[in-house]
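Undergrad: okay, sequence plus prediction incoming.
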Amino acid sequence: MNSRLLFAGSLRIMARNRLRTLFMSIGVVVGVATLIAGQSLGSGANKQIGERVNKMFGPGTILIFSRTLAYDDLQAIEEQLDQVVAAAPRFGGGESEISYQGTNRKTAVFGHSENAEFVWNRGVISGRFFTSDDMNKTTRVALIGTQLAQTLFAEVDPIGEEILIGSTPFRIIGVLESVGIDPHGEDRDEDIYVPITTAMRRLNNAEYVGTAKIVVSDHEQVDEDADRISEILRDRHHIAAGEKEDFAIYTSKFAGRMIFKANRVLNTYLLAAAGVVLLVAAVVISSIMLVVVRERIAEIGLRKAVGATEKNISLQFLVETLGVTFVAGLMGVILGLVAATIISRFIEVPVIVTNGSISLGLAAAIVVGIASGILPARRAARLDPVEALR
Amino acid sequence: MIKLKGITKSYDRPGEGVLKVLKEIDFEVKKGEFVAIVGPSGSGKSTLMNILGLLDRPDSGDYELVGSQVSSLSATQLARTRNSTIGFVFQQFHLLPRTTATENVELPLVYSNGEKSGGDTRKKAVDALCRVGLEERLTHYPEELSGGQQQRVAIARALVNDPDVILADEPTGNLDRESGRQVMDLFRGLNNSGSTILFITHDPELASQASRMVRIDDGCLSASSIQETS
């Protein structure tokens, strides 16, 4: 058999039946485009989530929440676990009344230690951060978020100004780096930070810190380190085996996993949608090709008369179907990338194109072509030439 | 070239019982002959042609084509044999629509093996079209050609693979008198240059142009109906 002529013939037939080729292509184009757009935006979202998780938690970090978490607990953890790079407690976060020259607001006030700048990954854009001196002397100094600074002081440089938290006067020593809205929808640029010792003793008379963040040396080992911390805390809080813990521990790995899982659910839906579209496309293509076979009975009979074997005929119809779906797949890839690029402008998610996703799109188009072409091809191949030529 | 011995073929028609179309046919064609098969419709001549053309299998009997038994060949082997040995010409032309004359003539070469498919298939198709006098119509579509021209394209297609025998089923049945005459002239010319040609017709006048005429009636080739015309 001369395959060059066979393929040339298939191409010719595709080109000469433009409307039919268009109808056969649409489903595959849309299906593959959905697949590619979903994959590209999904990968982009994953990368972005990864970066945000890192920004929020930082790699190799462990968060401890406990109503009975004491300063001493953190010290014990630092002493017993070599992997700890730094540990920083955080106190409060409840809303407090604040005022400046008659302007009143309610906002979240946190107590932080001097190493929060590193551990909680938030420094100041002007002024200075807390020092150990602030901790020891329980000084009445405060750092404020950019949004709050804007609201309270507008044109005035906030540094050196005095505000009231409740009824206690605090002097502002710095403006916090902007981090925007957190995943709970709170604007973290409205925050006020004060030294944790001041917050606990002067403002609240509290015994426990409530929250702590620990940075460990190896991100990959963070879950194991968290288990060790859990053991230390159980021991220190006298929790017997089988008894429920009075603390909760989250690691940066765990947080990443949770968010990735949510993203994966979304991606799975998109993948399923593309799958349904492609399935429908296969059914449509198959029925169009069955009609085509019926229309071309005389041609098939003639081809058989001049020497086409069953294999030749079935290959021809398979190649015709596959040719359409493959070209449609290529167009779907291009359309998908264009769509992803446009959508990414609106939802501010980067587009990441991988060879894997393009291969997946084209493979899907080929699978659709074979699946939908096989039945019509077989029917054509089995036609009786005598009947077909009548 | 062609030797049929004891060929029978019957069809099972629901309600009408078994219909014996061909009854013990013995038939021989020598190389270079120009044979007409005549008979009324329903006489079995189309069935005979399908069996001769390897499009259909007999129920029993032996068929020797170009020195080899073809009765026991597989479907694929039959297709290969059709491709290399037989050229078909049909009453309805059976040209592919929206496909140029050259591309139509090229079609049998698509399915050729070995030396026949080698070389320039386009040139072979053009040569065949020149032989039927259509060198001016190479890139025309069938829709743009007259009936007679279409049939000549079909004859070029039958010639392109250089077959041992050309089988024509009512080749002038859809043509006007003048075109029909041209087609018959073409056949005679091809026969004069060595081609073996068999054709079916119900027109005794056309049949008389062949070098030999065979009459089929009710599934039988009676010895008395075979006559030599010289």
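TA: Nice, thanks for sending it over.
Undergrad: just the buried positions in the helix or strand encompassing residue B:130, please.
TA: Counting by DSSP states H and E, the element that carries residue B:130 is helix B:121-131. The neighbour-count check on helix B:121-131 (16 or more other C-beta atoms under 10 Å in any protein chain shown) flags B:121, B:124, B:125, B:126, B:128, B:129, B:131 as buried. Every residue, glycine included, has its C-beta placed from N, CA and C.
Undergrad: surely the fifth one meets residue B:154?
TA: Think residue B:128. No: applying C-beta atoms under 8 Å, one finds residue B:128 not in contact with residue B:154, separated by 10.8 Å.
Undergrad: just the mean pLDDT for the helix or strand that contains residue B:199, thanks.
TA: For residue B:199, the host element (DSSP H and E) is strand B:196-201. Averaged over strand B:196-201, pLDDT sits at 94.
Undergrad: nearest to chain A: which residue in chain B?
TA: Closest to chain A within chain B is residue B:83: 2.3 Å, counting by C-beta to the nearest C-beta.
Undergrad: ok, and the closest non-adjacent residue to that residue?
TA: residue A:307 (2.3 Å; C-beta to C-beta, 6 or more residues apart in numbering or on different chains).
Undergrad: need the pLDDT of that neighbour.
TA: At residue A:307, pLDDT is 93.
Undergrad: mind listing what's buried in stretch A:4-20?
TA: Those would be A:5, A:6, A:9, A:10, A:13, A:14, A:17, A:20, for stretch A:4-20 by 16+ other C-beta under 10 Å.
Undergrad: now find how far off-centre it is within its chain.
TA: Centroid displacement of stretch A:4-20 relative to its chain, using C-alpha atoms, centre = their mean, to the nearest Å, is 43 Å.
Undergrad: mind listing what residue B:100 touches?
TA: Contact analysis of residue B:100 by C-beta atoms under 8 Å, 6 or more residues apart in numbering or on different chains lists B:138, B:139, B:140, B:141.
Undergrad: out of those, which comes closest to residue A:201?
TA: residue B:141 (97.7 Å; C-beta to C-beta).
Undergrad: filter the buried residues of stretch A:4-20 by proximity to chain B?
TA: Restricting the buried residues of stretch A:4-20 to those near chain B by C-beta under 8 Å from any C-beta of the partner chain leaves A:5, A:6, A:9.
Undergrad: can you pull the residues of the stretch 201-350 of chain A lying near chain B?
TA: Residues of the stretch 201-350 of chain A that fall close to chain B, judged by C-beta under 8 Å from any C-beta: A:298-299, A:301-312.
Undergrad: now the two most distant members of those residues.
TA: Taking C-beta to C-beta as the measure, those span a maximum distance of 20.4 Å, between A:298 and A:311.
Undergrad: these two: which is more packed in?
TA: Neighbour comparison, residue A:298 and residue A:311: the larger count goes to residue A:298, with 17 against 14 (by other C-beta atoms under 10 Å in any protein chain shown).
Undergrad: may I have the secondary structure class of the closest residue to that one other than its chain neighbours?
TA: Leaving aside its sequence neighbours, residue A:298 sits nearest to residue B:94 (C-beta to C-beta, 6+ apart; 6.0 Å). Here residue B:94 is coil, with the state taken from DSSP: H, G, I helix; E, B strand; the rest coil.
Undergrad: about what we covered before: list just the nearest of the buried residues of helix B:121-131 to residue B:99.
TA: If you rank the buried residues of helix B:121-131 by distance to residue B:99 using C-beta to C-beta, residue B:125 comes first, at 11.6 Å.
Undergrad: hang on, the earlier thing: which secondary structure elements does the helix holding residue B:130 sit against?
TA: Under the contact definition 3 or more C-beta pairs under 8 Å, 6 or more residues apart in numbering or on different chains; DSSP states H and E, helix B:121-131 sits against helix B:101-110, helix B:147-159.
Undergrad: just give me how far the longest one sits from the chain centre.
TA: Here helix B:147-159 shows a centroid-to-chain-centroid distance of 12 Å under the convention C-alpha atoms, centre = their mean.
Undergrad: for it, packing partners?
TA: Counting contacts by 3+ C-beta pairs under 8 Å, 6+ apart, helix B:147-159 packs against strand B:86-89, helix B:101-110, helix B:121-131, strand B:165-169, helix B:177-192.
Undergrad: quick one: closest of those to residue A:228.
TA: Nearest to residue A:228 among the helices and strands packed on helix B:147-159 is helix B:101-110 (74.0 Å), distances taken as C-beta to C-beta.
Undergrad: buried residues in stretch A:212-230?
TA: Buried residues in stretch A:212-230, counted by 16+ other C-beta under 10 Å: A:212, A:213, A:214, A:215, A:216, A:219, A:222, A:225, A:226, A:228, A:229, A:230.
Undergrad: just say helix, strand or coil for the residue nearest to residue B:83.
TA: Going by three-state DSSP: residue A:307 is coil.
Undergrad: what about it, how many residues nearby?
TA: Residues within reach of residue A:307, counting by other C-beta under 10 Å, total 28.
Undergrad: residue B:88 now?
TA: Burial of residue B:88 is recorded as 24 neighbouring residues (other C-beta under 10 Å).
Undergrad: can you tell me the centre-most residue of chain B?
TA: With distances taken as C-alpha atoms, centre = their mean, the residue of chain B nearest its centroid is residue B:167 (1.3 Å).
Undergrad: list the residues that contact that residue.
TA: Residues in contact with residue B:167 (C-beta under 8 Å, 6+ apart) are B:49, B:52, B:53, B:86, B:87, B:88, B:89, B:198, B:199.
Undergrad: what about residue B:136, neighbour count?
TA: By the criterion of other C-beta under 10 Å, residue B:136 has 10 neighbours.
Undergrad: now swap in the one 4 residues further on and tell me
TA: For residue B:140, the count of nearby residues is 16 (other C-beta under 10 Å).
Undergrad: for the one 10 residues further on, same thing?
TA: By other C-beta under 10 Å, the residues close to residue B:150 number 25.
Undergrad: what about it, distance to residue B:128?
TA: Taking C-beta to C-beta, to the nearest Å as the measure, residue B:150 falls 15 Å from residue B:128.
Undergrad: in what helix or strand does residue A:209 lie?
TA: Per DSSP H and E: residue A:209 is located in neither a helix nor a strand.
Undergrad: grab the nearest non-local neighbour of it.
TA: Using C-beta to C-beta, 6+ apart, the nearest residue to residue A:209 is residue A:89, at 3.9 Å.
Undergrad: show me what from chain B comes close to chain A.
TA: When proximity is defined as C-beta under 8 Å from any C-beta, chain B approaches chain A at B:50, B:53, B:55-56, B:75-76, B:79-80, B:82-84, B:88, B:90, B:92, B:94, B:96, B:98-99, B:103, B:106-113, B:117, B:121, B:157, B:161.
Undergrad: switch the cut-off to 7 Å
TA: By C-beta under 7 Å from any C-beta of the partner chain, the part of chain B that sits against chain A consists of B:50, B:55-56, B:75-76, B:79-80, B:82-83, B:88, B:90, B:94, B:96, B:98, B:106-112, B:117, B:121.
Undergrad: could you pull out the strands for the stretch 101-250 of chain A?
TA: Along the stretch 101-250 of chain A, the stretches classed as strands by DSSP state E, counting those that start in this stretch are A:103-112, A:124-127, A:141-144, A:162-165, A:168-176, A:192-195, A:211-216, A:248-251.
Undergrad: buried subset of the residues of chain B next to chain A, written for ChimeraX?
TA: Those of the residues of chain B next to chain A that count as buried under 16+ other C-beta under 10 Å are selected in ChimeraX with:
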select /B:50,55,56,79,80,82,83,88,90,94,96,106,107,108,109,110,111,112,117,121
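Undergrad: with that, I have no additional questions.
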